[in-house]
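Participant: attaching a predicted model along with its sequence, questions to come.
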Amino acid sequence: MKKFCLVLLITFILVFSACQKKEKTLYDFKTDFVGDNSKVSQIINKQEYPENFQTSEIKILSEKEPYGLKVFCKNYKNLEKKDLFKNAVTTLSLIKNLDNLYYVDENEKEIFIYNRKEVEEKLEKENTSLEKISENKENLENFINN
């Protein structure tokens, strides 16, 4: 009986562990379209932001070009635009047709704006690009962790 229970327990553990879903990384949510609500919201929610900074909801602006994304935020008073640059690069690199990224307050007042062209110009000075950063998971993680 003890052997049977042990075999049953081991079988249960193996089946259970095989059924668990692998944790998705930020790169897994890469999309061509800002209108892909589920992927876009995951990209915003899964990022690490400066201390105390919080995002809440998003508003997708995909009715006409240039396409945009508004990210509603809290606790931004002590931040400068450069503090969210890495987050903006990450977002723009993972959403191919996103042109403008707006960080806004609860009244939709713009706090910081990042434009794809502006960001590309800054990255070019560092010998990289949004395309290179989003080329594969390793490039994205290297950018985020440096």
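Facilitator: Sure thing, it's come through.

Participant: so for Leu9, what's the pLDDT?
Facilitator: pLDDT, Leu9: 40.

Participant: can you report phi and psi for Asp83?
Facilitator: Backbone torsions for Asp83, taken as degrees, to the nearest 10, come to phi -70, psi -20.

Participant: now do the buried residues in the helix or strand hosting Phe72.
Facilitator: Take DSSP states H and E as the rule and Phe72 turns out to sit in strand 68-74. Within strand 68-74, the residues scored as buried using 16 or more other CB atoms under 10 Å are Gly68, Leu69, Lys70, Val71, Phe72, Cys73. Glycine gets a C-beta too; all of them are placed from N, C-alpha and C.

Participant: and the residue nearest to Lys132 when sequence neighbours are not counted, how many neighbours does it have?
Facilitator: Excluding the flanking residues, the one nearest Lys132 by CB to CB, 6 or more residues apart in numbering is Asn139, at 6.2 Å. Asn139 has 16 neighbouring residues, counting by other CB atoms under 10 Å.

Participant: Asn139 contacts Ile133, correct?
Facilitator: Yes: shown here, Asn139 and Ile133 form a contact pair, counting by CB atoms under 8 Å, at 5.5 Å.

Participant: would you map the helices across this protein?
Facilitator: Here the chain has its helices, by DSSP state H, at 2-19, 37-45, 85-94, 116-125, 130-133, 137-145.

Participant: work out which residue lies at the spatial centre of the protein.
Facilitator: When CA atoms, centre = their mean is applied to the chain, the residue found nearest the centroid is Ile43 (2.6 Å).

Participant: so how far is Glu124 from that residue?
Facilitator: Per CB to CB, to the nearest Å, Ile43 is found 23 Å from Glu124.

Participant: residue contacts, the closest residue to Asn87 other than its chain neighbours?
Facilitator: Distances taken as CB to CB, 6+ apart put Gln47 closest to Asn87, at 5.4 Å, once the chain neighbours are dropped. Shown in contact with Gln47 (CB atoms under 8 Å, 6 or more residues apart in numbering): Leu26, Asn87, Thr90, Thr91.
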